[in-house]
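**Student:** Would you be able to build a 3D model of this:
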Amino acid sequence: MARVHALKISISGVRGIVGDFLTPQLIESFARAFGTFVGPGRVMVGRDTRTSGEMLFHAVCSGLLSTGCIPVDLGICPTPSVQIRTKETEALGGIIITASHNPSQWNALKFIGKNGIFLNEYESRSLVEIYHDGNFRRCSDDEVNKTRSDPHAIESHLEKVLEYVDVDLIRGKQFKVAFDCCNGAGSLMTPRLLKELGCQLIPINTEPNGIFPREPEPTPQHLTQLSSTTKLSGADVGFAQDADADRLAIINEHGEAIGEDYTLALAVQFVLSKTPGPVVVNLSTSRAIDDIAQRYACPIYRTKIGESNVIDKILECQAIVGGEGNGGVMIPAIHPCRDSFIGIAIVLQYMAETGKRLSELVEIIPRYHMFKRKLPLPSDRIFGIVERLKHQYASSHIDVTDGLKIFFDEQNAWAHIRPSNTEPILRVVSEAPTPELAEQLNDTILNEAKLVRRSSL
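**Tutor:** Residues are numbered from 1 along each chain as shown. Okay, the predicted model is just below:
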């Protein structure tokens, strides 16, 4: 069997397995490319807690310094905190060393522009062209700088989140909150946020040591410890983050995972109930968001997968809320980025304002069932399989903006198959009014992809 090439260069940055395809030499070269791309000046550098992070940090700083940039070390820092700090300090850009939801042996670089927003597709292509061309800027002896440090990114981010919600109202409820930071970057900020909101804390996996006690992706199958702790402790709610704390999953008071799509749905419901306005989500996000937007007569826009695609549309249509169905809540009033911390604060305020339990708030939202699978494949074969499936479904109701999304209108269901931006896999996502139909549609599409794969050998 052919070896899957575990290096991925995409709109989500460059990521791979450390010491395999992802080496300090490659990281240094990409940092040199980024330094050439942004020009000499300050570049924020933050990282999650992965054990490879410090090694790659030094490679990043070496590459940036060689181009005349000034690396500013934010230390271990949540991804949204790095983005916010990049914008408010008017730095030329930022680099985040994190593989987010990927397993611990992976790491990655994510690139931020001076506005604190991830590079878009055009900018990402330009950066990759500079990397492949290898014609990097070289600084002269009198241009060589030193790495600086900035310890204020988390504090600044925390202040912005607290300004957005009614702190006194939430404090008055004294919610009991269980939370699982996966020993990731959220370990440094989540306890502080919950203390500021007057919560009783039940912490799980809050040592920022990079030793992940579960898979970082906060999907229900990875949250059994949090689920049982939430239920047995009598907590009002449980929160789970991935390694860099941009994604949020929620457990209700019964110890049940509500599903990552309903993290975003709760946020959209809360925001639109106060200030109606445009909503932006990606193509794989639950249609529950469409139903909520329709309830408040608000327009909804869908984009390709990838945070920067959603953000570009948010800025274009001046959306009031947006995000991705993987637990990525975006509140542009704070910063157009996925932010688990504002998600936590919004959910607690929603509970405080309504006096309802989390399970009762979820019942307000139209219920659909989503099923997700992955099909590992060599990167050079993934696009060919998707193209063949597009031809196969050409006469159906489809959307080919990003991979292939098939609408089963009579069943009020859909399925989406596309190449991952972060791993050498095909992602197959389906949604339907019942879990049985969602799984059946997923089986059908996945089996067809496997047939195409075998026929192309």
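**Student:** When you work out contacts or count neighbours from here on, use the C-alpha atoms and nothing else.
**Tutor:** Will do.
**Student:** Could you pull out the buried residues of the helix or strand in which residue 381 is found?
**Tutor:** For residue 381, the enclosing helix or strand under DSSP states H and E is helix 379-392. For helix 379-392, burial by neighbour count (16 or more other CA atoms under 10 Å) applies to 379, 382, 385-386, 389-390.
**Student:** Can you convert the residues you listed into JSON lines and add a column each for distance to residue 215 and pLDDT?
**Tutor:** JSON lines is the format used below for these (distance: CA to CA, whole Å; pLDDT from 0 to 100):
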{"residue": "379", "distance to residue 215": "23", "pLDDT": "72"}
{"residue": "382", "distance to residue 215": "25", "pLDDT": "82"}
{"residue": "385", "distance to residue 215": "28", "pLDDT": "88"}
{"residue": "386", "distance to residue 215": "28", "pLDDT": "88"}
{"residue": "389", "distance to residue 215": "31", "pLDDT": "90"}
{"residue": "390", "distance to residue 215": "33", "pLDDT": "91"}
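**Student:** Mind picking the two most distant members of these?
**Tutor:** Using CA to CA, the pair of the buried residues of helix 379-392 lying farthest apart is 379 and 390, separated by 18.0 Å.
**Student:** mind listing what residue 283 touches?
**Tutor:** 302-305, 402, 405 (CA atoms under 8 Å, 6 or more residues apart in numbering).
**Student:** cool, and residue 420?
**Tutor:** By CA under 8 Å, 6+ apart, the contact list for residue 420 reads 426-427.
**Student:** How much space separates it from residue 439?
**Tutor:** 20 Å (CA to CA, to the nearest Å).
**Student:** now do residue 327
**Tutor:** 21 Å.
**Student:** how about residue 202, secondary structure?
**Tutor:** strand (DSSP: H, G, I helix; E, B strand; the rest coil).
**Student:** Please apply the same query to the one 4 residues further on.
**Tutor:** Put simply, residue 206 is coil when judged by three-state DSSP.
**Student:** Doesn't residue 127 lie inside a helix?
**Tutor:** Yes: under three-state DSSP, residue 127 sits within a helix.
**Student:** show me what contacts it?
**Tutor:** Per CA under 8 Å, 6+ apart, neighbours of residue 127: 33-34, 37.
**Student:** Where helices are concerned, which of the residues you listed count?
**Tutor:** Using DSSP state H, the subset of these located in helices is 33-34, 37.
**Student:** hey, where'd the strands end up in the stretch 351-457 of the chain?
**Tutor:** For the stretch 351-457 of the chain, the strands defined by DSSP state E, counting those that start in this stretch cover 369-376, 398-399, 404-408, 413-419, 425-432.
**Student:** For the stretch 301-450 of the chain, give me the ranges with low pLDDT.
**Tutor:** For the stretch 301-450 of the chain, not a single residue meets the criterion pLDDT under 70.
**Student:** Check which residues of stretch 297-315 are buried.
**Tutor:** Residues 298, 300-314 are the ones in stretch 297-315 that count as buried (16+ other CA under 10 Å).
**Student:** Which one of those is nearest to residue 397?
**Tutor:** Closest to residue 397, out of all of the buried residues of stretch 297-315 and judged by CA to CA, is residue 302, at 16.3 Å.
**Student:** Assess the claim that the closest one and residue 287 are in contact.
**Tutor:** No: Residue 302 lies out of contact with residue 287 (CA atoms under 8 Å); the separation is 10.6 Å.
**Student:** Using CSV, list the CA coordinates for stretch 265-285.
**Tutor:** The C-alpha coordinates for stretch 265-285 follow below in CSV (Å, rounded to 0.1, in the frame of the first residue of the first chain):
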residue,chain,number,x,y,z
ALA,A,265,-26.1,27.4,16.5
LEU,A,266,-26.4,28.5,20.1
ALA,A,267,-24.1,31.5,19.4
VAL,A,268,-26.1,32.5,16.3
GLN,A,269,-29.4,32.1,18.1
PHE,A,270,-28.1,34.3,21.0
VAL,A,271,-26.7,37.0,18.7
LEU,A,272,-29.5,37.3,16.3
SER,A,273,-32.1,37.4,19.1
LYS,A,274,-30.5,40.7,20.1
THR,A,275,-29.2,42.2,16.9
PRO,A,276,-30.4,40.7,13.6
GLY,A,277,-27.9,40.8,10.7
PRO,A,278,-26.1,38.7,8.1
VAL,A,279,-24.7,35.3,9.0
VAL,A,280,-21.8,33.6,7.3
VAL,A,281,-20.9,29.9,7.6
ASN,A,282,-19.2,27.3,5.5
LEU,A,283,-20.7,24.6,3.2
SER,A,284,-20.4,21.8,5.8
THR,A,285,-22.2,23.6,8.6
